[in-house]
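Chemist: sequence plus predicted model, see below.
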Amino acid sequence: MRSHSTQIPESSKLSWMLLPTKKNTDAVQSTTDVLTKAGYIHQSQSGIYTLMPLAQRVVTKITQIITEEMERVGGQRMSMPSLLDPEAWKKTGRLKSTGSELLTLTDRKGAQHILAPTHEEEVTGIVKSMVRSYRQYPLRLFQVTQKFRDETRPRAGLLRAREFIMKDMYSFDVDQQSAISTFHAVEQAYRACFDRLGVPYIVADADSGNIGGKLSKEFHFVSAAGEDTVLTCKCGYAANEERAQGRGAQGVHVYSMVGDEDRSVVVPAMRRPNMLKIKQAWPDCGELTLERKMGEEVTDLRRRIALAGSSGAHKYLVDSAVNGLEIDRIEDIKVAQVGDWHTAQSGDACTKCSTGTLESQTAIEVGHIFYLGDKYSDALDLLVQHDGKWLPVQMGCYGIGVSRVLQAAAECSSSSRGLRWPVSIAPYLATLVPLNGNMEHATSVFATLSNICVDNVRVFADNVIVDDRSYLSPGFKLNDAQLLGIPITVVLGQKFKQSGHVEVQLRVPRLELGTCVAGVDVTGDGYEYKAFVHVDRLAEFLVCALEGQF
């Protein structure tokens, strides 16, 4: 039977929540399994998920943090349609280049539509139709909406889904200098977002991919569940594997282009050519095949390139990390283009400092920012008259995978006993678990929790859930509290009846043991802590325990 007490709102009772938690029977589970068993997500089809009430609360908090930081740098929130016109995509070339990843549909009149994966073309058209003067720039427009992608192999729950929630912002400036300033301003806003989300992250130089652009950075959560490899150095340099620069070992390998014997790529020995980098120089470059393993024999290669320079018949991409090739002399040969053409790897010397080496980390990409330049404005004729000239508007785009952040945070913070949400995005800050007939006292403790203030803000208001499910055993309730990952569990057990003490279970990082409240003993293992606190000192204890968590 459900309780109909008006003192604790029904919305704050677990008995009123659709929460299909199940007993944890598997020894090893994926995070997707844990999120499903904890009642956060429900799989509807392959790569398509329903966000259950708890997950929706997490998404709402993530969105609120992002919205606040985007508005802080002048972002204006809007909402664009999910059905897009393919004609604009044809003009930018993305209808062809994106290919089978696009989900499309045909309406009853035979008109085709794209289910939106991103909105560069749409927002460019909107600005073109509404902006008449350079005085109306800069513009920074953002939205948080559903997106769609026809994933070949949906996997890892919300990390690689066919339908997902994304924050995307688009910037418009009158010149390159202003656009790059916008890029760096939004980068700082992203850092503020991820600082507040409470999960350790890396900012890495990145490739722009199909979106396009000349300047690009990715934001990653470090996790063994990630599909990306990020190379970092202690000097602060970080880049994804596709963009990282490192100095390799002695010797060279020469690769030739299949079907074109007049073009070769020279990279350090034991290093793979990086096709993303190579295609920036040779967009038509296809498959490469290893032509020669030259070891230390770089003198012959140097002569070979010099001869090619005199005839002009053969062209080379020569990696600047190759030792012994006298790069400064090769740069003078017109047929040889010197640059970074290889894929860096762990152990390479860092090119940004003189002493460091690159270390490899597996990570989950959760955000990506691009300076686009005029890729879309030029193709769609979004021009601005400035200093007497009509020029394409300079653009940028900035994305955060909101539903992806939810799963990535769970991947990074969960334990074998359940989820462990960062305080800033947890669905609730505290769960109140009355045991041994203590439900009658839950109302007063609920009121105590709800009125706790941190920096004059009632942070617990609408952030406490009460486990009033009388049909469950105490053990099941406590296991559920652990599984749900809510940062604070307050248990009204036998000691509450005897002496007014509640058991407080904390799942927060960086708690300073023994410094919270005088006379309260706290035990813990670095992330999970336990203390018995008199109910009269509960507010004081929790304010101290949560210091620095918001």
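Modeler: Thanks, I have the structure now.
Chemist: what strands line up against the helix or strand hosting residue 49, and which way round?
Modeler: Using DSSP states H and E, residue 49 maps to strand 48-51. Its sheet considered, strand 48-51 pairs with strand 41-45 (antiparallel) by DSSP bridges.
Chemist: can you list contacts of the strand it pairs with?
Modeler: 32, 35, 36, 49, 50, 51, 52, 55, 157, 158 (C-beta atoms under 8 Å, 6 or more residues apart in numbering). All C-beta spots, glycine's among them, are computed from the backbone N, C-alpha and C.
Chemist: ok, residue 122 - contacts?
Modeler: Neighbours of residue 122 in contact, by C-beta under 8 Å, 6+ apart: 80, 81, 84, 85, 88, 116.
Chemist: tell me who's in contact with the residue most central in space within the chain.
Modeler: For the chain, the residue nearest the mean C-alpha position is residue 366 (0.9 Å; C-alpha atoms, centre = their mean). The contact partners of residue 366, by C-beta under 8 Å, 6+ apart, come to 194, 201, 219, 220, 221, 400, 401, 404, 405, 408.
Chemist: what number of residues lie near the fifth one?
Modeler: By the measure other C-beta atoms under 10 Å, the count of residues near residue 221 is 25.
Chemist: tell me the phi and psi of it?
Modeler: phi -90, psi 130 (degrees, to the nearest 10).
Chemist: that one contacts residue 408, doesn't it?
Modeler: Yes. At 4.7 Å, residue 221 counts as touching residue 408 under the criterion of C-beta atoms under 8 Å.
Chemist: ok, back up a step: the contacts of residue 122 in strands, which ones?
Modeler: Assigned to strands by DSSP state E, the following of the contacts of residue 122 qualify: residue 84.
Chemist: now the contacts of residue 122 in TSV, with neighbour count?
Modeler: Below are the contacts of residue 122 laid out as TSV (neighbours: other C-beta atoms under 10 Å):
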residue	neighbour count
80	15
81	11
84	22
85	15
88	19
116	22
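Chemist: tell me the one among the contacts of residue 122 nearest to residue 140.
Modeler: Nearest to residue 140 among the contacts of residue 122, counting by C-beta to C-beta, is residue 80 at 14.6 Å.
Chemist: now the closest residue to residue 161 other than its chain neighbours: how far from residue 99?
Modeler: Once flanking residues are discounted, residue 161 sits nearest to residue 47: 4.9 Å by C-beta to C-beta, 6 or more residues apart in numbering. Distance, residue 47 to residue 99, using C-beta to C-beta, to the nearest Å: 18 Å.
Chemist: of the two, who's got more company?
Modeler: Counting neighbours by other C-beta under 10 Å for residue 47 and for residue 99 shows that residue 47 has the greater number, 21 against 10.
Chemist: list the contacts for residue 110?
Modeler: The contact partners of residue 110, by C-beta under 8 Å, 6+ apart, come to none.
Chemist: that one falls within a helix, correct?
Modeler: No. Read with DSSP: H, G, I helix; E, B strand; the rest coil, residue 110 is coil and lies in no helix.
Chemist: gap between it and residue 507?
Modeler: Counting by C-beta to C-beta, the gap from residue 110 to residue 507 is 55 Å.
Chemist: same deal with residue 527?
Modeler: 7 Å.
Chemist: of the two, which one has the most company?
Modeler: residue 507 (26 against 14).
Chemist: the more buried one and residue 483 touch, don't they?
Modeler: No. Using C-beta under 8 Å as the test, residue 507 is too far from residue 483 to be in contact (11.5 Å).
Chemist: how far is the longest helix anywhere in the chain from where the chain is centred?
Modeler: In terms of residue count, the longest helix belonging to the chain (DSSP state H) is helix 176-197. Relative to its chain's centre, helix 176-197 lies at 15 Å (C-alpha atoms, centre = their mean, to the nearest Å).
Chemist: counting contacts, what elements does the very next helix or strand once past it pack onto?
Modeler: Next helix or strand after helix 176-197 toward the C-terminus (DSSP H and E): strand 201-205. Helices and strands touching strand 201-205, by 3 or more C-beta pairs under 8 Å, 6 or more residues apart in numbering; DSSP states H and E, are helix 176-197, strand 215-222, strand 228-232, strand 238-240, strand 359-373.
Chemist: buried residues, strand 201-205. List them.
Modeler: For strand 201-205, the neighbour count (16 or more other C-beta atoms under 10 Å) marks 201, 202, 203, 204, 205 as buried.
Chemist: any idea which of these is the one closest to residue 413?
Modeler: For the buried residues of strand 201-205, the nearest to residue 413 is residue 201 (12.6 Å; C-beta to C-beta).
Chemist: name whatever forms a beta bridge with the closest one.
Modeler: Under the criterion used (DSSP bridges), residue 201 bridges to residue 221.
Chemist: which residues touch it?
Modeler: By C-beta under 8 Å, 6+ apart, the contact list for residue 201 reads 194, 219, 220, 221, 222, 366.
Chemist: hmm, try it at 7 Å
Modeler: Residues near residue 201 by C-beta atoms under 7 Å, 6 or more residues apart in numbering: 194, 219, 220, 221.
Chemist: the residues you listed: which two are farthest apart?
Modeler: Farthest pair in the contacts of residue 201 (C-beta to C-beta) is 194 and 220. Separation: 9.7 Å.
Chemist: comparing those two, which residue is more hemmed in?
Modeler: residue 220 (27 against 23).
Chemist: can you read off the pLDDT for that one?
Modeler: On pLDDT, residue 220 comes in at 96.
Chemist: leaving out sequence neighbours, find the closest residue to it.
Modeler: residue 363 (3.6 Å).
Chemist: try residue 7
Modeler: Per C-beta to C-beta, 6+ apart, closest to residue 7 is residue 443, 4.5 Å.
Chemist: now do the helix or strand containing that neighbour: which elements does it pack against?
Modeler: Using DSSP H and E, the element containing residue 443 is helix 439-450. In this structure, helix 439-450 makes packing contacts with strand 430-434, strand 464-466, strand 488-492, judged by 3 or more C-beta pairs under 7 Å, 6 or more residues apart in numbering; DSSP states H and E.
Chemist: before we move on, back to that, next one: the residue nearest to the centre of the chain from residue 402, what distance?
Modeler: Counting by C-beta to C-beta, the gap from residue 366 to residue 402 is 9 Å.
Chemist: assumed residue 284 was part of a strand.
Modeler: No. In this structure, residue 284 is coil, not part of a strand, as judged by three-state DSSP.
Chemist: so what's it up against?
Modeler: Contacts for residue 284 (C-beta under 7 Å, 6+ apart) come out as none.
Chemist: count the neighbours of residue 492 for me.
Modeler: Neighbours around residue 492, by other C-beta under 10 Å: 23.
Chemist: ok, residue 30 next?
Modeler: Neighbours of residue 30 (other C-beta under 10 Å): 14.
Chemist: got phi/psi on it?
Modeler: phi -80, psi 160.
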